[in-house]
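**Q** coords below, sequence missing:
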DNA sequence: ATTTCGTGAATGAACGTTCACTCTCAGCTC
DNA sequence: GAGCTGAGAGTGAACGTTCATTCACGAAAT
């Protein structure tokens, strides 16, 4: 479809491909999207496509990796900001309302595929672990505890936050934007988790 | 594979087929499971299989319908019990620990397929609506409000509960049983939703 | 001159679906 | 009872399509 763009290095090229493929994968699913479909959406021939990704699972792995990199950047910004807790809250809420429509669909597919293909499952599990680790780091900073103490205390909170965010995204892509009543419940739950942690600062 | 069993009516037969198919669908996914696979698992030929289900989507629709019927029976028992709130809580928690391993996998597949195939999406949406309606009925009874008032007040709570239950089931099938910390968070959140409603009884 | 980037036809397997067919058995006539 | 009938349950080969993957080959770039 799109002109190949005379662009730079192979890694950049892979990013471009992943970006242009994204929607096809979300719309047709892991098994539903054929290599022919994907190659066409990437604006290249099948043969050439295989030079970039040796298998379908590799595509998903790369896509997860890309999403993770993006999220890690968000976390980096939040961690060094003056009010990490507020920044985190804003990020979570914006994730839920902003780009969900596409992302939720994709996550539903990845979640389903993760259970079947071990390689995808590993990537997905690793992603959650990484996010949780970043959340723990933020909470450690906010409460003034060290990393391991924060992990022991807030591990469940972090997992809960991740699960909630994913669930909302998936629901949104299936049913359309959440009803105000549901949105209110979600926000309330998140706020409660966050304030419970914020009020749990270590005495000096 | 299995002897045809001399069993009764066509409807019963369909239940048997759905039961024996379930696992294949969960393991291979909507597109991944072929009609040949499914027919073999049902212990019959492809041709005969098509006499029971005209398409793959029809299978999922029937499967959702069966699950819904089962859930409706659970709700019926809860509604007439002496302490519906406790019964409901027990049911939700048992759903999350008991049969999740298989069910979560299946729900991940259905959720993903629901976004792609409108017919499946409709069935899934209807299922959620039905469950929410039953929850509203229980909360109406517990708080002594009428149906429409209960709906206006607790719609978000109900949707939240359904979303949470689904999310936990899907997570369990992907990562194994939730960590104690996460389980505690989930239970806490559910209990909070339920007690918030229980404390909101209408003054007489 | 060699590596990289690109093509798209070819291949063989597997797919969803159809179809012509068999088998079984209850109900009917004689 | 013997013989016919037509409907329901079941079969599996066959059809046309699409799939993932490969490959022989051309164009550009170093």
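**A** Sure, I can see it. Computed from a prediction, not measured in an experiment: that's the story for all the values here.

**Q** what ranges of chain A fall below the confidence cut-off?
**A** When residues are selected by pLDDT under 70, those of chain A lie in A:1-8, A:99-100, A:203-204.

**Q** Would you mind listing what in it touches DNA strand C?
**A** Selection of chain A residues close to DNA strand C by Cβ under 7 Å from any atom of the strand yields A:4, A:10, A:13, A:43, A:44, A:45, A:46, A:47, A:48, A:51. Bear in mind the C-beta positions are built from the backbone N, C-alpha and C, glycine included.

**Q** can you do 10 Å?
**A** Chain A comes close to DNA strand C at residues A:4-10, A:13, A:16-17, A:31, A:35-36, A:39-40, A:42-52, as judged by Cβ under 10 Å from any atom of the strand.

**Q** ok, which of the residues you listed also contact DNA strand D?
**A** Intersecting these with the contacts of DNA strand D gives A:6, A:31, A:35-36, A:39-40, A:45-51 (criterion: Cβ under 10 Å from any atom of the strand).

**Q** Which of the residues you listed are buried? Put it as a PyMOL command.
**A** Of these, the buried ones can be selected in PyMOL as follows, counting by 16 or more other Cβ atoms under 10 Å in any protein chain shown:
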select buried, chain A and resi 31+39+49
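
**Q** hang on, the earlier thing: among the residues of chain A next to DNA strand C, which ones are in helices?
**A** Helix and strand membership here follows DSSP state H; of these, those in helices are A:10, A:13, A:16-17, A:35-36, A:39-40, A:46-52.

**Q** can you list contacts of stretch A:136-144?
**A** For stretch A:136-144, the external contacting residues (Cβ atoms under 8 Å, 6 or more residues apart in numbering or on different chains) are A:75, A:78-79, A:84-85, A:88, A:145-147, A:149-151, A:153-155, A:157-158, A:197-198, A:200-202, A:204.

**Q** actually stretch A:79-87, sorry about that
**A** A:77, A:78, A:134, A:137, A:138, A:141, A:142, A:194, A:197, A:198.

**Q** Relative to DNA strand C, which of those residues is nearest.
**A** residue A:77 (31.9 Å; Cβ to the nearest atom of the strand).

**Q** residues in contact with the closest one?
**A** Residue A:77 neighbours (Cβ under 8 Å, 6+ apart): residue A:87.

**Q** quick one: the helix or strand hosting it near DNA strand D?
**A** Residue A:77 is part of helix A:56-80 when elements are defined by DSSP states H and E. Yes: residues of helix A:56-80 contacting DNA strand D under Cβ under 10 Å from any atom of the strand: A:56, A:57, A:58, A:59.

**Q** Compute the number of surrounding residues for the third one.
**A** It stands for residue A:58. A count of neighbours around residue A:58, defined by other Cβ atoms under 10 Å in any protein chain shown, yields 13.

**Q** got the contact list for it?
**A** In this structure, residue A:58 makes contact with no residue, judged by Cβ under 8 Å, 6+ apart.

**Q** 10 Å instead?
**A** By Cβ atoms under 10 Å, 6 or more residues apart in numbering or on different chains, residue A:58 lies in contact with A:52, A:119, A:120.

**Q** Could you single out the nearest of the residues you listed to chain B?
**A** residue A:120 (10.1 Å; Cβ to the nearest Cβ).

**Q** Show me which residues of chain A are close to DNA strand D?
**A** Of all the residues in chain A, those lying near DNA strand D are A:6, A:28, A:30-40, A:45-51, A:53-59, going by Cβ under 10 Å from any atom of the strand.

**Q** Can you get me a residue count around the nearest residue to residue A:34 once chain neighbours are set aside?
**A** The spatially closest residue to residue A:34, leaving aside those adjacent along the chain, is residue A:28, at 8.0 Å (Cβ to Cβ, 6 or more residues apart in numbering or on different chains). For residue A:28, the tally of surrounding residues (other Cβ under 10 Å) stands at 16.

**Q** what's the answer for residue A:78, then?
**A** 22.

**Q** Counting neighbours, what do you get for the residue lying closest to it once chain neighbours are set aside?
**A** Of all residues not flanking residue A:78 in the chain, residue A:87 sits nearest, at 4.2 Å (Cβ to Cβ, 6+ apart). Look at residue A:87: counted by other Cβ under 10 Å, it has 18 neighbours.

**Q** Which element, helix or strand, includes residue A:87?
**A** In this structure, residue A:87 is located in helix A:84-97 according to DSSP H and E.

**Q** buried set for that helix?
**A** Counting neighbours by 16+ other Cβ under 10 Å, one finds that the buried residues in helix A:84-97 are A:84, A:85, A:87, A:88, A:89, A:91, A:92, A:93, A:95, A:96.

**Q** before we move on, back to that, in strands, which of the contacts of stretch A:136-144 appear?
**A** Secondary structure of the contacts of stretch A:136-144 is defined by DSSP state E; no position falls in strands.

**Q** Report the contact partners of the residue in chain A positioned nearest to DNA strand C.
**A** Nearest to DNA strand C, among the residues of chain A, is residue A:47, at 1.6 Å (Cβ to the nearest atom of the strand). Shown in contact with residue A:47 (Cβ under 10 Å, 6+ apart): residue A:39.

**Q** what about it, distance to residue A:15?
**A** 21 Å (Cβ to Cβ, to the nearest Å).

**Q** could you say which helix or strand contains the closest residue to residue A:166 other than its chain neighbours?
**A** Once its chain neighbours are removed from consideration, residue A:166 has its nearest residue in residue A:107; the separation is 5.9 Å (Cβ to Cβ, 6+ apart). Element membership of residue A:107, judged by DSSP H and E, is helix A:100-116.

**Q** quick one: buried residues of that helix?
**A** Neighbour-count burial for helix A:100-116 [16+ other Cβ under 10 Å]: A:100, A:103-116.

**Q** Right, I'll call it a day here.
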